[in-house]
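Asks: need a structure here:
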Amino acid sequence: MEHAVVKLDGSIERQVSLADAVFNVDFKEPLVHQVVSAYLAGARAGTSSQKNRSAVSGGGAKPWPQWKMACALPFVKAVGRSVPVWCRRSSNNEIMPL
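Replies: Below is the predicted model:
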């Protein structure tokens, strides 16, 4: 396959022979779309990341061990530590919610 090499002023400089096995194939639009999408995805800045322990709210140490007080941290996942929903012991040593 012969093609012309054109200068900036529009004149033909020379003829170049191109291999038919490389340049004389059908246009495959899905393949071109996949290559362009992968190229653009690689050019994006990788700025997204997961939060670490210091970036999330809450998640500090437990105020007492679960095995000593027979009362874990109730409703912590539901309402968080800012809400005082802790348990306490009564005078006869029963666990009571606040």
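Asks: flag the shaky bits of this protein, pLDDT-wise.
Replies: Confidence mapping of the chain against pLDDT under 70 gives the ranges 58-60, 62-98.
Asks: the same query, at a cut-off of 50, please.
Replies: 75-76 (pLDDT under 50).
Asks: now do the helices in the protein.
Replies: With DSSP state H, the ranges of helices along the chain come out as 20-23, 29-43, 66-69, 76-79.
Asks: quick check: which of those helices is nearest to Ala55?
Replies: Taking Cβ to Cβ, helix 76-79 is the member of the helices of the chain nearest to Ala55, at 18.2 Å. To be clear about C-beta, it is placed using only N, CA and C from the backbone, and glycine gets the same treatment.
Asks: can you give me the neighbour number for Leu18?
Replies: Residues contacting Leu18 under the criterion other Cβ atoms under 10 Å number 11.
Asks: and it, how far is that from Ser54?
Replies: 59 Å (Cβ to Cβ, to the nearest Å).
Asks: can you redo the helices of the chain as JSON lines with distance to Arg14 and mean neighbour count?
Replies: Listed next are these as JSON lines, based on distance: least, Cβ to Cβ, whole Å; neighbours: other Cβ atoms under 10 Å:
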{"stretch": "helix 20-23", "distance to Arg14": "17", "mean neighbour count": "8"}
{"stretch": "helix 29-43", "distance to Arg14": "29", "mean neighbour count": "9"}
{"stretch": "helix 66-69", "distance to Arg14": "83", "mean neighbour count": "10"}
{"stretch": "helix 76-79", "distance to Arg14": "74", "mean neighbour count": "10"}
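Asks: pipe those helices into TSV and attach distance to Asp9 per row.
Replies: Supplementary listing: the helices of the chain in TSV, determined by distance: least, Cβ to Cβ, whole Å:
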stretch	distance to Asp9
helix 20-23	25
helix 29-43	31
helix 66-69	84
helix 76-79	73
